[in-house]
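# Fold the following for me, if possible:
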Amino acid sequence: MCCHTEKNIGVAIALNVSPGPDVLYIITKTITGGKKIGFASPLGVCKSSDTKFNISKKQTTDTFWKVFRQGVLIDILNPKVAIFFMAFLPQFVREGHGSVPFQFIYLGTIIILLAIVIEGIYVLFASIISTKLHENEKYSIWMDRMLGTIFLGLGIKLVTSSHTQ
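The predicted model follows:
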């Protein structure tokens, strides 16, 4: 087996708990679409970690699968995940602890399983908040404005950061 499994799990938890585009996507989809749609988003995000550079072209009208595919795309384009898998993960692969491909699969599986659990918790919390917000129209309007402001801020950050590089 791979060495330093405890460190691997700690790093995987830190990667998955830290907010990024995937977490914002999961929470937003849960709030706007409910638990079923919310759970489709982390499954899509985690699937893309497994098949990082393979984008499916199959089209469907099913909302669950649409959200799943969007989750795949969000994670493929997420620099945090790409940097982790290409630069940081290889540091945990050790000679003499099994084949290198097996170690990558093993470590990747740990990260994906933890991501499903952690992001599932995000879905459950977002679902609770969403239910409360939908019960009160005033809070629902406030949430729409808040999410709009967040996306506007992220867009501005993206535009300004791409001009500085």
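# mind listing what His134 touches?
If you count contacts by C-beta atoms under 8 Å, 6 or more residues apart in numbering, His134 has them with Ser140. To be clear about C-beta, it is placed using only N, CA and C from the backbone, and glycine gets the same treatment.
# Secondary structure element holding it?
helix 100-135 (DSSP states H and E).
# Next SSE downstream of that helix?
helix 137-164.
# where's that next one relative to the chain centroid, distance-wise?
Helix 137-164 has its C-alpha centroid displaced from the chain centroid by 18 Å (C-alpha atoms, centre = their mean, to the nearest Å).
# Could you check that helix and say which residues are buried?
By 16 or more other C-beta atoms under 10 Å, the buried positions in helix 137-164 come out as Met143.
# tell me what it is packed against?
Counting by 3 or more C-beta pairs under 8 Å, 6 or more residues apart in numbering; DSSP states H and E, the packing neighbours recorded for helix 137-164 are helix 21-33, helix 100-135.
# highest average neighbour count across the ones you listed?
Mean neighbour count, computed with mean count of other C-beta atoms under 10 Å, is highest for helix 21-33 among the helices and strands packed on helix 137-164, reaching a mean of 21.
# would you put the C-alpha positions of that one in CSV?
The C-alpha coordinates for helix 21-33 follow below in CSV (Å, rounded to 0.1, in the frame of the first residue of the first chain):
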residue,chain,number,x,y,z
PRO,A,21,-15.8,27.1,-8.1
ASP,A,22,-16.9,23.6,-7.5
VAL,A,23,-18.3,24.3,-4.0
LEU,A,24,-20.0,27.5,-5.2
TYR,A,25,-21.5,25.5,-8.0
ILE,A,26,-22.7,22.7,-5.7
ILE,A,27,-24.3,25.1,-3.2
THR,A,28,-25.9,27.2,-5.9
LYS,A,29,-27.4,24.2,-7.7
THR,A,30,-28.7,22.8,-4.5
ILE,A,31,-30.4,26.1,-3.5
THR,A,32,-32.0,26.6,-6.9
GLY,A,33,-32.8,23.0,-7.7
